[in-house]
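# turn this into a structure:
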Amino acid sequence: MAASYVWRKYADYLYTKWEKTYLWDMVEPYRRPKSFTPVVVTYISAFYTGVIGAAITEQLYKEKYWEEHPGKAVPLMKPKFYGGPWRVMGGEIPKYE
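Model (predicted):
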């Protein structure tokens, strides 16, 4: 008794699942396309977050360098994600009279 009830419920589930799939397959071509607005907003906000983060990092690097080496020109900051050869160049700040 219990097994036949379970099989009947399972068969009803499969049939209604098939009905729903068939119905939505017919409706799908008429559905409105999904919007790209959330994707575009996410990409733009990620880009500007990176730009602002890089600017803050570089400014902190310059301030730290000026504290340790007053009167010297700040060398370029070594890139974080570049593992190749890197030569830091720096010198005195030119004095204009």
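
# okay, how far is it across stretch 28-36, tip to tip?
Distance between the boundary residues of stretch 28-36 (CA to CA, to the nearest Å) amounts to 18 Å.

# quick one: distance of that stretch to the chain centre.
On the basis of CA atoms, centre = their mean, to the nearest Å, stretch 28-36 is displaced by 25 Å from the centre of the chain it belongs to.

# likewise stretch 16-30?
Here stretch 16-30 shows a centroid-to-chain-centroid distance of 34 Å under the convention CA atoms, centre = their mean.

# that one - what's its average pLDDT?
Confidence over stretch 16-30 (mean pLDDT, whole number) is 76.

# and stretch 64-81, by the same measure?
86.

# quick one: the most centrally placed residue in the chain from I52, how far?
Among the residues of the chain, the one closest to the centroid is A46, at 5.6 Å (CA atoms, centre = their mean). Taking CB to CB, to the nearest Å as the measure, A46 falls 11 Å from I52. Backbone N, C-alpha and C define where each C-beta goes, glycine included.

# repeat for E63
Spatial separation of E63 from I52 under the definition CB to CB is 17 Å.

# contacting residues for S35?
With contact set as CB atoms under 8 Å, 6 or more residues apart in numbering, S35 has no partners.

# per-residue confidence for it?
Note on S35: pLDDT of 90.

# repeat for P38
92.

# ok, now the one 3 residues further on?
Model confidence at V41, given as pLDDT, is 96.

# okay, domains of this structure per the record?
Taking automatic domain parsing as the reference, the chain has its domains at 1-31, 33-78.

# got a markdown table for these, with distance to G84 too?
Putting the domains of the chain into a markdown table (distance: least, CB to CB, whole Å) gives the following:
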| stretch | distance to G84 |
| --- | --- |
| domain 1-31 | 50 |
| domain 33-78 | 11 |
